[in-house]
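1. got a predicted structure plus its sequence, pasted below:
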Number of protein chains: 2
Amino acid sequence: MEKISIADKMVNFMESASWIRKMFEEGARLKKEYGQDKVCDFSLGNPDLSPPEAFQETLEKAAADRSPGVHSYMPNAGLPGVRDKIAIQVAKDHEVEPGGDEIIMTCGAAGGLNIIFKAILNPGEEVIVPRPFFVEYHFYTDNHQGRLVPVDCNDDFSLDISAIAEAVTDRTKAVLINSPNNPSGAIYDEKSIEELARLLERMDKEKGQTIFLISDEPYRKLVFSGYHVPPLMKHYKNTIVTTSFSKDLSIPGERIGYVAVHPEVHHKALLLGALNLANRILGFVNAPALMQRVVAEVASQKVDTSIYERRRDLFAEILTRAGLSFTLPQGAFYFFPKSPIEDETKFVRTLQNELILAVPGSGFGLPGYFRLAFCVDDEVIKRSEDGFKKAVEKSLSWTRA
Amino acid sequence: MEKISIADKMVNFMESASWIRKMFEEGARLKKEYGQDKVCDFSLGNPDLSPPEAFQETLEKAAADRSPGVHSYMPNAGLPGVRDKIAIQVAKDHEVEPGGDEIIMTCGAAGGLNIIFKAILNPGEEVIVPRPFFVEYHFYTDNHQGRLVPVDCNDDFSLDISAIAEAVTDRTKAVLINSPNNPSGAIYDEKSIEELARLLERMDKEKGQTIFLISDEPYRKLVFSGYHVPPLMKHYKNTIVTTSFSKDLSIPGERIGYVAVHPEVHHKALLLGALNLANRILGFVNAPALMQRVVAEVASQKVDTSIYERRRDLFAEILTRAGLSFTLPQGAFYFFPKSPIEDETKFVRTLQNELILAVPGSGFGLPGYFRLAFCVDDEVIKRSEDGFKKAVEKSLSWTRA
């Protein structure tokens, strides 16, 4: 056989991801055949709200700035003035007092996670993650020779601390959480964070090694009435936070976010040095200069989350009427209902026949569920009701047969 | 001993790079002690010219665009309309006819090289590079478990094809060139590119495996009178080009560039798929959206290179009068003179005593030389003459002693 000219691993990755690609291709085909407006596309977590007015105004001002050096190289961690302002936001979110030195501006949270893993992982070291989880985590750990170790959550997608405790080994380097969670919409409450913090402190001592708590929190500001994302750094000093402005400000194409480390994190100087070096040598070099300046001015802003909340409530009624069961999302913009049949991929295909696009839970480490993103007009949600009903009926008829 | 909480490799990297850091710290100390305007800093390749007016105008227009989705997610390879325009520029530079599908927008050339190596390298595979070379290449190959194999150039920094031929093994995956070269300022002429292409074609057949020619060419447009950077794709079909707009447009902080593959490259669909996937999973996701739109409109523009040429000529006279020998740079903005003493690090320290900052050739894989970046005002170059003379005299006095 002819020798493949690219990396074998990448060939494998592409093959194993081909079912997702086929599903997206089928979605594109349906849109072409039946018309964009006939298909209810809940497959993409691409924020549809416009960025806040403050973002627009700040962007225009920043673009008009012709001072020398505004587009020049800078320290790999980002512009000092920007990092100082971001530190103020981190202080509010996490109830500790980091300085600008503890902030590294990144190309979004995806860039942030990659530099964190590059900085901390030795080959074969493990990162524990509660499932369901964002599918890319597998790649991000593998990029740096680490290994992702998924553990179960409770049935309502809250943290199962004992499951995490059981998964800790001598190779455990970090626990990675994502709250509000993609895809479940769950927020890990403060009690569970405290328990997790106590567990990690105990393990740090027992194992004689640091286990980092890594928080990937791009949905921190997208929370619904009555909920709140608790501070993490307040409870555990070996915490590394990464986030992006993609969802807060509806600007995912601009790739801007940051990594923040606890001011008392273990081996802080080494860790910050490694994160800086990782940002440089992975090819990010620094986060985009112009967008750094913009987000520093609007770091506390966010899109109108009441719109997402209205859609959530609307969607909850429709899914309930269709006979689907789910845990009500507390934040982010996803439902993660249980599939009425065990093979959720089959159910997702049944939805496709009704012109509804969803993503199977297998893609998030949890088969038997499926994800619906509500970054769409209310009208699309309303229009989907009949399709959901028909798909559920059809699926249940197979179960009865 | 207490267990280090970060990756061992990163600790080693930081330790081995500490001499460069110390050198930069010493430079910063000198500026503080003697005043910014007393120190002649030739250590940084940070373009000092303002971006072209067309860039500024396009940026302001793009920032004012409030159309829905302008800051949204997009295909990992970038905006289709942007890629079509970039393809036109690649066609001019490389005398083949790629389409937009053969372009992947990246976070600069550093991002470009990382996704290329991620896409093509199996563990232990080798990338041949002529020395001197950009120091980061070591990291970029190592990130993806590859190995950089430096080979000598001729004395005038032109390509030594036979040295490259001798370095090819069964593990060779690519030859990486950078022309105009950082740090030597050399341009590899068309004859040598043709010879290299014939060599690679022969090796492809002999070894039964593809050897890619990777061209890192951020200085392609920064060339001096009488020189021209030859097309590469025209001569060899397994060519992958990466570049950035950092130097052409003086916007290195914005991290925008691209990867282009030859329209007839081996296993094209697989390669493009792998490059896309690499862009996604390394955490770049896509190049910054706003800057993509801007560079698409000004892809043929560049800063006024006559300024760099004037400085080169001025600097050449000064270095000659100081008794230093060098090959005249044909492009980019660096001199790479021979150190008057064997230990160029010692000479660079002697220059520091004269308040002149330079980078030792060891940092570019070629001890015995040192790099001077002329991204500085003419005045700084003029002011340095006495310092160079004194440092050379002092060094030669040691040789005579």
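-> Great, that's in hand.

2. touching chain B at all, the lowest-mean-pLDDT helix or strand in chain A?
-> Sorting the helices and strands of chain A by mean pLDDT, DSSP states H and E puts helix A:18-34 at the bottom, at a mean of 84. No: contact of helix A:18-34 with chain B (Cβ under 8 Å from any Cβ of the partner chain) is absent, the minimum separation being 9.3 Å. Every C-beta, even on glycine, is put in place using the N, C-alpha and C of the backbone.

3. what does the following helix or strand past that helix contact?
-> As assigned by DSSP states H and E, the chain's next helix or strand after helix A:18-34 is strand A:40-41. Strand A:40-41 has contacts (Cβ atoms under 8 Å, 6 or more residues apart in numbering or on different chains) with A:Gly27, A:Lys31, A:Leu355, A:Ile356, A:Leu357, A:Val376, A:Val380, A:Ile381, A:Arg383, A:Ser384, A:Gly387.

4. now, which of these lie within helices?
-> A:Gly27, A:Lys31, A:Val380, A:Ile381, A:Arg383, A:Gly387 (DSSP state H).

5. I only care about these that end up buried; give me the PyMOL line for that.
-> Entered in PyMOL, the line below selects the buried ones among those, by 16 or more other Cβ atoms under 10 Å in any protein chain shown:
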select buried, chain A and resi 27+31+380+381+383+387
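
6. ok, the ones in helices among the contacts of strand A:40-41 vs A:Glu317, which is closest?
-> Nearest to A:Glu317 among the ones in helices among the contacts of strand A:40-41: A:Ile381, at 9.5 Å, using Cβ to Cβ.

7. in the host helix or strand of A:Thr320, what's buried?
-> Assigned by DSSP H and E, A:Thr320 belongs to helix A:305-321. Buried residues in helix A:305-321, counted by 16+ other Cβ under 10 Å: A:Thr305, A:Tyr308, A:Glu309, A:Arg311, A:Arg312, A:Phe315, A:Ala316, A:Ile318, A:Leu319.

8. now swap in stretch A:50-70 and tell me
-> Buried, per 16+ other Cβ under 10 Å, within stretch A:50-70: A:Ser50, A:Pro51, A:Pro52, A:Phe55, A:Gln56, A:Thr58, A:Leu59, A:Ala62, A:Ala63, A:Val70.

9. re earlier: got the CA positions of the helix holding A:Thr320 in CSV?
-> Provided in CSV are the C-alpha atoms of helix A:305-321 (Å, rounded to 0.1, in the frame of the first residue of the first chain):
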residue,chain,number,x,y,z
THR,A,305,-28.9,36.5,28.9
SER,A,306,-32.6,37.0,29.5
ILE,A,307,-33.1,36.1,25.8
TYR,A,308,-31.3,32.7,26.4
GLU,A,309,-33.5,32.2,29.5
ARG,A,310,-36.7,32.9,27.6
ARG,A,311,-35.7,30.4,25.0
ARG,A,312,-34.8,27.8,27.6
ASP,A,313,-38.2,28.1,29.2
LEU,A,314,-39.9,27.9,25.8
PHE,A,315,-37.8,24.9,24.8
ALA,A,316,-38.5,23.2,28.2
GLU,A,317,-42.2,23.3,27.6
ILE,A,318,-41.9,21.9,24.1
LEU,A,319,-39.6,19.1,25.1
THR,A,320,-41.9,18.2,28.0
ARG,A,321,-44.9,18.2,25.8
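
10. now for it, which elements pack on it?
-> Secondary-structure packing of helix A:305-321 (3 or more Cβ pairs under 8 Å, 6 or more residues apart in numbering or on different chains; DSSP states H and E): strand A:334-335, helix A:378-383, helix A:385-400.

11. any residues touching the helix or strand that comes right after the shortest one, and which ones?
-> Which is strand A:334-335. As assigned by DSSP H and E, the chain's next helix or strand after strand A:334-335 is helix A:344-353. Here helix A:344-353 makes contact (Cβ under 8 Å, 6+ apart) with A:19, A:23, A:26-27, A:30, A:339-341, A:357-362, A:367-370, A:387-388, A:391, A:394-395.

12. for ChimeraX, write the select line for the buried members of those.
-> A single ChimeraX command selects the buried members of the contacts of helix A:344-353 (16+ other Cβ under 10 Å):
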select /A:23,27,30,339,340,341,357,358,359,360,361,362,367,369,370,387,388,391,394,395
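
13. could you list the domains of chain A?
-> Domain assignment of chain A by automatic domain parsing yields the ranges A:8-51+A:303-400, A:67-297.

14. most tightly packed of those domains?
-> Most buried of the domains of chain A by mean neighbour count (mean count of other Cβ atoms under 10 Å in any protein chain shown) is domain A:67-297; its value is a mean of 21.

15. and it, average pLDDT?
-> Averaged across domain A:67-297, the pLDDT comes to 97.

16. rebuild the ones in helices among the contacts of strand A:40-41 as CSV, extending it with distance to B:Ile6.
-> As requested, the ones in helices among the contacts of strand A:40-41 are arranged in CSV below (distance: Cβ to Cβ, whole Å):
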residue, distance to B:Ile6
A:Gly27, 42
A:Lys31, 47
A:Val380, 46
A:Ile381, 46
A:Arg383, 51
A:Gly387, 50
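
17. of the ones in helices among the contacts of strand A:40-41, closest to A:Ala278?
-> Nearest to A:Ala278 among the ones in helices among the contacts of strand A:40-41, counting by Cβ to Cβ, is A:Gly27 at 35.7 Å.

18. find the nearest non-adjacent residue to the closest one, please.
-> Of all residues not flanking A:Gly27 in the chain, A:Leu357 sits nearest, at 4.5 Å (Cβ to Cβ, 6 or more residues apart in numbering or on different chains).

19. please apply the same query to A:Pro288.
-> B:Pro288 (4.7 Å).

20. contact partners for that neighbour?
-> A:Cys107, A:Gly253, A:Glu254, A:Arg255, A:Ile256, A:Pro288, A:Met291, B:Cys107, B:Glu254, B:Arg255, B:Ile256.

21. same check on A:Glu95?
-> By Cβ under 8 Å, 6+ apart, the contact list for A:Glu95 reads A:Pro231, A:Met233, A:Lys234.

22. chain B versus that one, what's the distance?
-> 23 Å (Cβ to the nearest Cβ, to the nearest Å).

23. now do A:Glu264
-> Taken as Cβ to the nearest Cβ, the span from A:Glu264 to chain B is 13 Å.

24. what separates that residue from B:Lys31, distance-wise?
-> 32 Å (Cβ to Cβ, to the nearest Å).

25. hey, where'd the helices end up in the stretch 201-350 of chain A?
-> A:268-281, A:289-297, A:305-321, A:344-353 (DSSP state H, counting those that start in this stretch).

26. mind checking those for the one nearest to B:Leu196?
-> That would be helix A:268-281 among the helices of the stretch 201-350 of chain A, by Cβ to Cβ, at 27.2 Å.

27. name the helices or strands packed onto that closest one?
-> strand A:103-106, helix A:108-120, strand A:257-261, helix B:8-16, helix B:137-143.

28. and that helix with strand A:257-261, angle?
-> Per axes from the mean of the first three to the mean of the last three Cα atoms, to 10 degrees, the angle that helix A:268-281 makes with strand A:257-261 is 160 degrees.

29. so how far is helix A:268-281 from its chain's centroid?
-> Centre-to-centre, helix A:268-281 and its host chain are 23 Å apart (Cα atoms, centre = their mean, to the nearest Å).

30. show residues contacting it.
-> Contacts to helix A:268-281, defined as Cβ under 8 Å, 6+ apart, come from residues A:75-77, A:101-102, A:104, A:106, A:111, A:114-116, A:118-120, A:240, A:259, A:261, A:265, A:285-286, B:4-7, B:10-11, B:13-14, B:17, B:136, B:139-140, B:143.

31. tilt between that helix and helix B:108-120?
-> If you take the same axes, to 10 degrees, helix A:268-281 sits at 90 degrees to helix B:108-120.

32. please tell me how far the nearest residue to A:Glu125 once chain neighbours are set aside sits from A:Arg147.
-> Once flanking residues are discounted, A:Glu125 sits nearest to A:Lys173: 4.2 Å by Cβ to Cβ, 6+ apart. Distance, A:Lys173 to A:Arg147, using Cβ to Cβ: 10 Å.

33. mind listing the shared neighbours of the two?
-> With Cβ under 8 Å, 6+ apart as the test, A:Lys173 and A:Arg147 both reach A:Glu125, A:Glu126, A:Val127.
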